[in-house]
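A.B. asks: Model the structure of this input:
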Amino acid sequence: QVQLVESGGGLVQAGGSLRLSCAASGRTPESYSMGWFRQAPGKEREFVAAISASGSVTNYADSVKGRFTISRDNGKNTVYLQMNNLKPEDTAVYYCAAARTFYRTVVTTTRSQYDYWGQGTQVTVSS
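C.D. replies: Residues are numbered from 1 along each chain as shown. The predicted model follows:
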């Protein structure tokens, strides 16, 4: 069992930055691939970014490439999402998730492959 707690959301103007954090606890969270997803009102939850258990492999949705950066500190059991040049369309609840993977260099973008989820943190970008 892995517990995930997100923080760092808030209200920011377009063009601004935020850094989300996801603190993991429980059974060997450093062995899990981690991902960020987001869900805007009336829309499906969508993939944003993912990082392998080793931290050496990352993957991003096209809509955030070049603006968002995912990273992890396994010593602190924390995953980060640095969001720069935010746009109003980035407004959503952001969720952290953990996926069991056999290899430490695997990442997954598929929502159904994630085993544990946080409660979400709201990000609002004003125009």
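A.B. asks: which residue is nearest the centroid of the protein?
C.D. replies: In the chain, the centroid-proximal residue (CA atoms, centre = their mean) is Trp36; its distance is 2.2 Å.
A.B. asks: so how far is Ser71 from it?
C.D. replies: Applying CB to CB, to the nearest Å, the value for Trp36 to Ser71 is 11 Å. C-betas here are computed from N, CA, C, even on glycine.
A.B. asks: quick one: common contacting residues for these two?
C.D. replies: Here Trp36 and Ser71 have Val79 as joint contacts, going by CB atoms under 8 Å, 6 or more residues apart in numbering.
A.B. asks: Next up, the contacts around Gly35.
C.D. replies: By CB under 8 Å, 6+ apart, the residues touching Gly35 are 47-51, 96-99, 107-109, 114.
A.B. asks: give me phi/psi at it?
C.D. replies: Main-chain torsions, Gly35, degrees, to the nearest 10: phi -140, psi 160.
A.B. asks: and if you look at Tyr114?
C.D. replies: Torsion angles, degrees, to the nearest 10, at Tyr114: phi -90, psi 140.
A.B. asks: Output the below-cut-off pLDDT ranges for the protein.
C.D. replies: For the chain, the stretches with pLDDT under 70 are 29.
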